[in-house]
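> What follows is a predicted structure for the sequence shown.
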Amino acid sequence: MSPSQETFVLEARGIGRTFRQGSRTIDVLRDIDLKLEPGTSLAIVGASGAGKSTLLHILGGLDRPDAGEVLIEGQSLWSLPEAARGAMRNRTLGFVYQFHHLLPEFTALENVAMPLLIRGVSPSDAAARAGELLDRVGLGQRVTHKPGELSGGERQRAAVARALVGNPRVVLGDEPTGNLDERTADHVYGLLLELNRELGTSLLLVTHDTRLAARMDRTLELHLGRVRTPD
């Protein structure tokens, strides 16, 4: 029996995205289908400029496709009004980028608590949950430090905690270790996979690093605008 769409926490159907460059039309993404099951991990690899970040932004509701649809737990993301789409992103998705995007004027605790505060959680409850996650990623003694007082690896671990603080169904990562040295990258990647297993949060990462991608449950390659199973 084929699974119903509700089996998948994230699904893309026929995604297409075209950009104009002068008089040229470039099909960056062409008829892309993919499915992500609960609690699983998926890597999408490809050369620089292949469209990996564009695809991730579409899957996360940050960029609108020219064709196709994205479904989160069976709900068509781009059919929602902007406010409802933003609320769904906050409730079901977490994001980790190559650069941490922590707010420099806030402490690690305040940065991690931010998604919950936006959701309307009380400051005390948001701070308690943020503290738990920071402790879980090894930053329990650094909660009052601002990003400028943290190392690159510590900032990225704080970004991982922020992505997970709202108990999202899916964490989307855009080259989340691309700005780190190999040893620190291995540690952060291992942390993401460990939390994926422990919390049951699905994980979808785009990366150019096939060595790290091999640690995921599945890998797809983005090539000439389409996804395929790597050779």
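Alright, I've got the coordinates.

> Next, Phe95: secondary structure please.
Three-state assignment for Phe95 (DSSP: H, G, I helix; E, B strand; the rest coil): strand.

> So Ala43 lies in a helix, does it not?
No: counting by three-state DSSP, Ala43 is not part of a helix but strand.

> Now do the contacts for it.
The contact partners of Ala43, by C-beta atoms under 8 Å, 6 or more residues apart in numbering, come to 204-207, 212-213, 216, 218-220. Using the backbone N, CA and C atoms, a C-beta is placed for each residue, glycine as well.

> Just give me the closest of the residues you listed to Leu134.
Comparing these against Leu134 with C-beta to C-beta places Leu205 closest, at 21.5 Å.

> how far away is that closest one from Leu212?
8 Å (C-beta to C-beta, to the nearest Å).

> So which of those two has more stuff around it?
Leu205 (27 against 23; other C-beta atoms under 10 Å).

> which SSE is the residue lying closest to that one once chain neighbours are set aside in?
Counting by C-beta to C-beta, 6 or more residues apart in numbering, Leu205 lies nearest to Gly173, which is 3.9 Å off, once chain neighbours are set aside. Applying DSSP states H and E as the criterion places Gly173 in strand 170-174.

> What mean pLDDT does that strand get?
Averaged over strand 170-174, pLDDT sits at 89.

> leaving aside the residues next to it on the chain, what's closest to the most centrally placed residue in the chain?
Using C-alpha atoms, centre = their mean, the residue of the chain that lies closest to the mean C-alpha position is Leu172, 1.3 Å off. Spatial nearest neighbour of Leu172, chain neighbours left out: Gly60 (5.0 Å); criterion: C-beta to C-beta, 6+ apart.

> ok, that neighbour to Arg17 distance?
According to C-beta to C-beta, Gly60 and Arg17 sit 14 Å apart.

> Tell me which other helices or strands the host helix or strand of Leu133 touches.
Using DSSP H and E, Leu133 falls within helix 123-136. Judged by 3 or more C-beta pairs under 8 Å, 6 or more residues apart in numbering; DSSP states H and E, helix 123-136 is in contact with helix 108-119, helix 152-164.
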